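Asker: Structure, please.
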Amino acid sequence: MLLDVLAMEKWKARPLRVLAYGEGPDRSWAEAFLAEHEVTAFILKGHTNNMEAALKGVQGLVMPSRFEGTPIALVDALLCHRMAIITPVGGMPEFVQDGINGFVATDATKEAINDCLERAWQRRREWKQLGLKAGESVRRLLPEHPHMQYIETLSKVLTGNRSAP
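Answerer: Residues are numbered from 1 along each chain as shown. So this is what the prediction gives:
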């Protein structure tokens, strides 16, 4: 859906760049689509072991999912003070408040993503401030040391004490 949006003439004319990290079976399809539609705003970066470093080079995260849980990539971006542009699926709207710390599309469709991206574009001078709010808000939702909470829960399960921490 995002590639269809970025293939629109208005997005081709704007100085927007979307970096895509990861590998998968759809890479060759994406490369062909980008070439066929002359989309230069979407850049396939491949796999990275250092998401924090990758996030330092961007102003936000775009996650136009059709279905999702609560993706770690979203939480990582918010923790790195990056605003997010998301669809209203899974647990993502629990973390992103439209217009406050990012932007939430009305649906997981090409049209809704285009509208959401347009709203974000109109407020692009505020992306840094939205990112700062994202970092503050995610820290209120997550435990200070989530890995320690996981270890405590796992330890209780393994020792037979199944009560929550």
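
Asker: If you tally nearby residues, what's the number for Glu12?
Answerer: Quick fix: residue 12 is Lys, not Glu. 14 (other C-beta atoms under 10 Å). The way it works is simple: take the backbone N, C-alpha and C, and place the C-beta from them, glycine included.

Asker: Any figure for the gap between it and Ser65?
Answerer: Going from Lys12 to Ser65 by C-beta to C-beta, to the nearest Å gives 24 Å.

Asker: got it, and Glu118?
Answerer: 19 Å.

Asker: what's the answer for Tyr21, then?
Answerer: Per C-beta to C-beta, Tyr21 is found 15 Å from Ser65.

Asker: next one: Val89
Answerer: Taken as C-beta to C-beta, the span from Val89 to Ser65 is 5 Å.

Asker: now Ser155
Answerer: Between Ser155 and Ser65 the computed distance is 33 Å (C-beta to C-beta).

Asker: Return the set of buried residues in the helix or strand containing Asp115.
Answerer: Assigned by DSSP states H and E, Asp115 belongs to helix 110-122. Buried residues in helix 110-122, counted by 16 or more other C-beta atoms under 10 Å: 110, 112-117, 120.

Asker: again, but for stretch 61-80
Answerer: 61-65, 68, 71, 74-78, 80.
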